[in-house]
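Just the structure for this:
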Amino acid sequence: MSTGQTLQTGHTWNTHDVLNQVDELTDFNLLEADPALAEALQRNGAARHIPSLSRYAQQLGERATWELAEQANRHTPELHRFDARGRIIDAVEFHPSWHTLLGLYRQQGLISLPFEDSSAGRWSAWAAGFYLHGQVEQGTLCPATMTTAAIPLLQKEPALWQQLQGKLFSHEYDPRDLPVADKASMWLGMGMTEKQGGSDVRANTTVAMPVHAGGRGGEYLLRGHKWFFSAPMCDAHLVVARMGTNEGNHGGQACFYVPRWRPDGSRNAVRVQRLKDKVGNRSNSSSEVEFEDAWGILMGEEGRGIPTIIEMATYTRLNCVLGSAAILRSATVQALAYARRRSVFGKQLAEQPLMRTVLADLALESEAALQIAMRLAQAYERGGDEGDPLERAWKRIMTPAAKFWVCKRGVELTGEAMEVLGGNGYVDTGVMARLFREAPVNSIWEGSGNVMCLDVLRAISREPDGAQLLLQDLIDTAAGEPALQQQAQSLARRLSGPPDQLEAQARRLVQDLVLLAQACLLRRHAPPAMADGFIATRLGAQQGAMVAGAFDPAGLDIAAILQRALPA
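As a prediction, the model looks like this:
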């Protein structure tokens, strides 16, 4: 015990007293604290899901759940290549907290919710559940993302789907390492990335040889290497490999279903070489693997592996948008809650004028990210190949656009939110440090920023009618709003330029497209304070600020913006 000292006021204290310190915000209902999310659920026809989502939001917000998230990221997965007698097992051991968190998500029914029926609002309810979970722990959402995204691909394979539907639709969490037939539920992963290819999947060299002459039965043996294989303890993976022949010729890429266990009950020959030591996403296992004649089943057509796996990636890109929006939301909430309780220079930090401007900027960015994510969820519900053309345009054009922009903003603004907490935000024992480490993964996974921007241009060129519908939808919303109208007309003009001139400026074009879409969505669905603030700082006279809070707040209702972000 240190020696007590007496302040001029006469109060006795010792050097280990903790004064003016603020813990992270816990023990609150994440949905009740988020009016924008609740409104989106009502608006999108998902009101019947609100009671169950609210219960889940309450459970996620409990201090004990935040502690589970911290434990799962501190006690990272461990690879055990052999058992005690030298048999190859390639098993990954997780801390119990991982299983608890992954079990919570599974039991909520979120894995299969978008595909269990055709009821309105199902995609919005799923998106809300994913978004709520991602505010507390992100690594568990990796296998969840891939499993959900694999369902529409597997539905096109009648024989496989008959075997797997019950396991995929199950709400029971089953962590056992057993053949799928012996389990109550299953998880799917994916294997695309190779050392020499990265985003260029066509450069992959893994080869699949037919088990039977002429490829009868659809069975193949895969030989090769994957540089990133997430997550190795999944019950099966969808893998891209080049078609091989007994004559030594190699054909086009194809997609294969590669289970962890062979049909005869033996372990499949997918050898886990090591687990990746990543910047973030540390609770989740990402691996490097070698296929040593791993058994797999051809999915889809020969030579159509890239389009097949890209269909899966389209779904996982939506998850990236939601995941980054969740990180932005969590960082904003923690920064605002901290600033409201921390005293600096004689008053609460949240009352300091410059800090209020920074917090308002975070709040604007967070809600804009949520609004576009929930709009995309609607598009996935309505915008299939035979669905509404406008919704299909939102799905195909705005998904990569939103992934580019929202994920980029997540990386930048978690750093700003960390700065609100100062040194307390920088230490690894706090929530903010984990959010900061986690943010970059969504910008990289399923295609980096440049890939997303090129995909936007490609989608526009392939579906010009859809692009026109999308731009007209935004122009119609912008009517009567000079800043929005000018942006919409300018964007339409620039996007009509020669394709060979668009690529170099693709980032600016996509940035402007997303900002316009977010502004229109806020104008349609958010209170005037939010829409006015976003438009003034992103599209109006003050547009182009390089750092958060670098705008003149005069004329903006900062108090309303902060109250909207986190009701006091």
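
For the rest of this, base every contact and every neighbour count on C-alpha atoms.
Noted.

the helices in the stretch 401-550 of the chain, which residues?
Secondary structure of the stretch 401-550 of the chain (DSSP state H, counting those that start in this stretch): helices located at 423-426, 431-438, 440-444, 449-462, 464-478, 482-495, 499-502, 506-525, 528-538.

Residue 252 is nearest to which of those helices?
Nearest to residue 252 among the helices of the stretch 401-550 of the chain is helix 449-462 (21.4 Å), distances taken as CA to CA.

Quick one: the strands in the stretch 101-250 of the chain, in order.
For the stretch 101-250 of the chain, strands defined by DSSP state E, counting those that start in this stretch occupy the ranges 188-191, 207-210, 219-230, 236-244, 250-259.

Which other helices and strands does the first one contact?
Spelled out, it's strand 188-191. For strand 188-191, the packing partners by 3 or more CA pairs under 8 Å, 6 or more residues apart in numbering; DSSP states H and E come out as helix 141-154, strand 219-230, strand 236-244.

for this protein, which strand is longest?
Secondary structure of the chain per DSSP state E: the longest strand is strand 286-299.

Report the buried residues of the helix or strand following that one.
Moving toward the C-terminus from strand 286-299, the next helix or strand (DSSP states H and E) is helix 305-341. By 16 or more other CA atoms under 10 Å, the buried positions in helix 305-341 come out as 305-306, 308-309, 312-341.

Distance from helix 305-341 to the middle of the chain?
For helix 305-341, the gap between its own C-alpha mean and the chain's C-alpha mean amounts to 4 Å (CA atoms, centre = their mean, to the nearest Å).

Pull the number of nearby residues for residue 514.
Residues lying near residue 514 (other CA atoms under 10 Å) number 22.

What of residue 485?
When neighbours are counted by other CA under 10 Å, residue 485 registers 18.

residue contacts, it?
Going by CA atoms under 8 Å, 6 or more residues apart in numbering, residue 485 touches 475, 478-479.

and those, which are buried?
For these, a neighbour count by 16+ other CA under 10 Å gives the buried set as 475, 478.

Looking at the contacts of residue 485, spot the one nearest residue 393.
Nearest to residue 393, judged by CA to CA, of the contacts of residue 485 is residue 475 at 14.9 Å.

Contacts only, for residue 361.
548-549.

quick check: angle from whichever strand or helix holds it to helix 506-525?
According to DSSP H and E, residue 361 maps onto helix 353-382. Here helix 353-382 runs at an angle of 90 degrees relative to helix 506-525 (axes from the mean of the first three to the mean of the last three CA atoms, to 10 degrees).

So what's the gap between helix 353-382 and the chain middle?
How far helix 353-382 lies from its chain's middle: 14 Å, per CA atoms, centre = their mean.

Can you list the buried residues in that helix?
355-382.

Surely residue 328 touches residue 366?
Yes - using CA atoms under 8 Å, residue 328 is in contact with residue 366, at 5.6 Å.

re the thing from before, quick check: which helices or strands does the longest strand of the chain pack against?
By 3+ CA pairs under 8 Å, 6+ apart, strand 286-299 packs against strand 219-230, strand 250-259, strand 270-275.

Could you figure out how far the first one is turned away from strand 286-299?
Counting by the same axes, to 10 degrees, strand 219-230 points 150 degrees away from the direction of strand 286-299.

how big is the angle separating the helix holding residue 361 from helix 305-341?
Going by the same axes, to 10 degrees, helix 353-382 makes 150 degrees with helix 305-341.

which strands and helices sit next to the next helix or strand after helix 353-382?
Downstream of helix 353-382, the first helix or strand assigned by DSSP H and E is helix 389-393. Secondary-structure packing of helix 389-393 (3+ CA pairs under 8 Å, 6+ apart): helix 353-382, helix 464-478.
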